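Enquirer: no sequence for this one, just the structure:
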């Protein structure tokens, strides 16, 4: 059977499963549509959060980022998991007790202000839309590589599949498809990793393999990797980072951004009890950790595999001839994600770090510049091919990458559509709308959100590449502090909260725009985005944490200078702190 | 609603203490051992590298899981003790 046929079976089979679930789990009320009727078990919900959270970026790109950056990019591992501790202790149980459908609804009620609710809706839509474009584009790329269609066609197929289960089933359909998608993506991620870990270290658990001995050399695998890449002019994989302030702030921005992202928070509204919201956070992190503990192993092993493929006789000997390159290199050359240029005309592949410090060594070996560029996003997708694994593993990876992209996209689209139908339409435009009318509005909002996301996925605007800066920056600087103050302070009032959110947002966006261009329009940046220009060495990607401090400071300062919130609001804060009396999540 | 009773206030204070303690550990394993204190731990070898590297790539995540389950377990006990849990 051809690889194409195998891929088709795996991807097609998984799609049939998702659509089957969608037909089974239709939504009959707004409660079904927004919070799956509030009856999801914490373990089921933990799995759904795993799929909701782990996007194309986690599945496809993260191992590549770590492979390229080594220790320095541990920030993503800590940042994208540490937020769950904050969710479990600072937000999720109290928001579940509050018992409404959306994040802006809490902000609007707690700060007794439709303006506050509107600011939250705008933050939610900008953060989620930026995020979803990347997922749609990622699904398009995965389709084009594995099903040999062009990426726009791939994008259309992805849109139709998401449409079929999210418009019909809302949160209920999305929850159960996410559980299935989690199973597909975690198998797809770990099976090749187990094979590779066995091959390199003899240890079947990749997370342990990372700290085991490399069979061929008898050295610990990280020592071996450090040797190989420093021989080729790269930094040590485990090298320390000088700019610790930036590393801390970047990790912190990712953590509080994770905790403030609405598509994750609303998943906590689907469990029956406050205690379940706490357990959910723990189970979610268990399921996320299965991938996140495997990723650093995949990163280092794939990088070592890549280097030994190019330098089969060791780094001191000549690299392989281009004509003898393996099949997977040829396959990825077609997509343009691996490029080769024979700069010194010797017919071999010189892959090394082309820096002034290494120039002398390179010249003495007759090298004339780095000749092969490997896009780091292909690392996970090409992993089974690099390790010579059977065809069905490649089919599984294709289905897994798509599951990761689709599940996150559906969660984000639900967050967007519920903000539109519940916060804008029912909250402001037509408060008297019936439950049936709102359900229809929710379905239409979902359909429109899918069309917009598909269009933007096919024609990505400049800001689509700025997911980390925009989505995490906004969630960290505006939503997270507002939610936390709403629960932990009775004193913060409407004026303080609105001014705080706007100040955090303005501060963060200004800092990002100064380096990345105003509204990300190329050429409009005031300063080049290089470390020498950053204030105190703080990168624009790390500024969200400082934005959060600005938000807290402004909100507390202004609240204490103005009147106390009304007594019924202080009672509302009291009530969210105690689990007793939490019913099923509901609208007004 | 248990409202402003002394009992409820005690419960909330106990919750805050638990959160402070948990967040100190949360910060210590990630920002501490994983980032700022890594040079201090460089003497402790772990499979070809040092303890700080392990905390940054695995140890912090494992600690986060333990922290959340510990918090959930303790809070359920507190809910019961102070009689503010769900029926």
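Expert: Looks like it arrived, so ask away. All values derive from a computational prediction rather than experimental measurement.
Enquirer: Now do the same contact list for residue A:550.
Expert: With contacts taken as CB atoms under 8 Å, 6 or more residues apart in numbering or on different chains, residue A:550 has the following neighbours: A:477, A:500, A:503-504, A:507-508. For the C-beta atoms, the positions are set from N, CA and C on the backbone; glycine is no exception.
Enquirer: Among those, which one lies nearest to chain B?
Expert: When the contacts of residue A:550 are compared for distance to chain B, the smallest value, 19.1 Å, is given by residue A:477; criterion: CB to the nearest CB.
Enquirer: May I ask you to confirm that the closest one belongs to a strand?
Expert: No - under DSSP: H, G, I helix; E, B strand; the rest coil, residue A:477 falls outside any strand and is assigned helix.
Enquirer: And it, how close does it get to residue A:252?
Expert: Counting by CB to CB, to the nearest Å, the gap between residue A:477 and residue A:252 amounts to 12 Å.
Enquirer: near chain B at all, the helix ranked longest in chain A?
Expert: If each helix of chain A is counted by residues according to DSSP state H, the longest one is helix A:151-201. No - using CB under 8 Å from any CB of the partner chain, we find that helix A:151-201 stays clear of chain B, coming within 9.8 Å at best.
Enquirer: who touches the helix or strand following that helix?
Expert: For helix A:151-201, the following helix or strand on the C-terminal side (DSSP states H and E) is helix A:206-209. By CB under 8 Å, 6+ apart, the surrounding residues in contact with helix A:206-209 are A:190, A:193-194, A:196-198, A:200-201, A:203, A:221, A:293-294, A:296-298, A:301, B:58.
Enquirer: mean confidence for helix A:206-209?
Expert: Rounded to a whole number, the mean pLDDT of helix A:206-209 is 96.
Enquirer: and after it, which helix or strand comes next?
Expert: As assigned by DSSP H and E, the chain's next helix or strand after helix A:206-209 is helix A:221-231.
Enquirer: how close does the residue of the stretch 1-150 of chain A found nearest chain B get to residue A:468?
Expert: Of all residues in the stretch 1-150 of chain A, residue A:74 sits closest to chain B, with a separation of 3.7 Å (CB to the nearest CB). Residue A:74 sits 15 Å away from residue A:468, taking CB to CB as the criterion.
Enquirer: Among these two, which residue is more densely surrounded?
Expert: When residue A:74 is set against residue A:468 and neighbours are counted by other CB atoms under 10 Å in any protein chain shown, the residue ahead is residue A:74, at 26 against 22.
Enquirer: quick one: the helices in chain B?
Expert: If you assign secondary structure with DSSP H, the helices in chain B sit at B:6-27, B:51-54, B:60-81.
Enquirer: Specify the stretch among those that is closest to residue A:225.
Expert: Smallest distance to residue A:225 across these (CB to CB): 12.1 Å, for helix B:51-54.
Enquirer: Quick check: buried residues in stretch A:458-472?
Expert: Buried positions in stretch A:458-472, judged by neighbour count with 16 or more other CB atoms under 10 Å in any protein chain shown: A:458, A:463-472.
Enquirer: Student question: in chain A, what's the helix or strand with minimum average pLDDT?
Expert: Lowest mean confidence among the helices and strands of chain A (mean pLDDT, DSSP states H and E): helix A:467, at a mean of 82.
Enquirer: on contacts alone, who are the packing partners of it?
Expert: For helix A:467, the packing partners by 3 or more CB pairs under 8 Å, 6 or more residues apart in numbering or on different chains; DSSP states H and E come out as helix A:114-146.
Enquirer: what about the longest helix of chain A, average pLDDT?
Expert: According to the model, helix A:151-201 has a mean pLDDT of 91.
Enquirer: next one: it to chain centre, how far?
Expert: Between the centre of helix A:151-201 and the centre of its chain there are 14 Å (CA atoms, centre = their mean, to the nearest Å).
Enquirer: Now do that helix against helix A:114-146: the angle between them, please.
Expert: Angle of helix A:151-201 versus helix A:114-146, following axes from the mean of the first three to the mean of the last three CA atoms, to 10 degrees, is 70 degrees.
Enquirer: Next, the angle from helix A:151-201 to helix A:221-231.
Expert: Here the directions of helix A:151-201 and helix A:221-231 differ by 110 degrees (the same axes, to 10 degrees).
Enquirer: Now for residue A:204: which residues touch it?
Expert: Applying CB under 8 Å, 6+ apart, we find residue A:204 in contact with A:194, A:197-198.
Enquirer: To which secondary structure element type does the nearest residue to residue A:34 once chain neighbours are set aside belong?
Expert: Sequence neighbours aside, residue A:101 is the residue nearest to residue A:34 in space, at 4.1 Å (criterion: CB to CB, 6 or more residues apart in numbering or on different chains). Reducing the assignment to helix, strand or coil with three-state DSSP, the entry for residue A:101 is coil.
Enquirer: wait, residue A:101 sits on residue A:35?
Expert: Yes - assessed by CB atoms under 8 Å, residue A:101 is found in contact with residue A:35 at 6.0 Å.
Enquirer: hang on, the earlier thing: residue A:477 and residue A:252 - which one has more neighbours?
Expert: Between residue A:477 and residue A:252, counted using other CB under 10 Å, the more crowded position is residue A:477 (34 against 24).
Enquirer: what's the spacing between the more buried one and residue A:470?
Expert: To residue A:470, residue A:477 is 11 Å away according to CB to CB.
Enquirer: likewise residue A:89?
Expert: 26 Å.
Enquirer: Can you tell me which residues in the stretch 451-588 of chain A are near chain B?
Expert: Selection of the stretch 451-588 of chain A residues close to chain B by CB under 8 Å from any CB yields A:571, A:574-575, A:577-582.
Enquirer: ok, now with 6 Å
Expert: Within the stretch 451-588 of chain A, the positions adjacent to chain B are A:575, A:577-580, A:582 by CB under 6 Å from any CB of the partner chain.
Enquirer: so which two of these are the farthest from each other?
Expert: Distances among these were taken as CB to CB; the most separated pair is A:577 and A:582, at 11.6 Å.
Enquirer: Quick check: most distant residue from the centroid of chain A.
Expert: The C-alpha centroid of chain A is most remote from residue A:364, which lies 43.6 Å away (CA atoms, centre = their mean).
Enquirer: Quick check: pLDDT value at that one.
Expert: So, for residue A:364, pLDDT stands at 92.
Enquirer: ok, now which ones touch it?
Expert: Taking CB atoms under 6 Å, 6 or more residues apart in numbering or on different chains as the definition of contact, residue A:364 has no neighbours.
Enquirer: any idea how far it lies from residue A:358?
Expert: Distance of residue A:364 to residue A:358, given as CB to CB: 11 Å.
Enquirer: gap between the residue of the stretch 1-150 of chain A closest to chain B and residue A:173?
Expert: Going from residue A:74 to residue A:173 by CB to CB gives 36 Å.
Enquirer: Residues contacting the lowest-mean-pLDDT helix or strand in chain B, please?
Expert: Among the helices and strands of chain B, strand B:45-46 carries the lowest confidence by mean pLDDT, DSSP H and E, at a mean of 90. Taking contacts as CB under 6 Å, 6+ apart, the residues outside strand B:45-46 that touch it are A:211, B:54.
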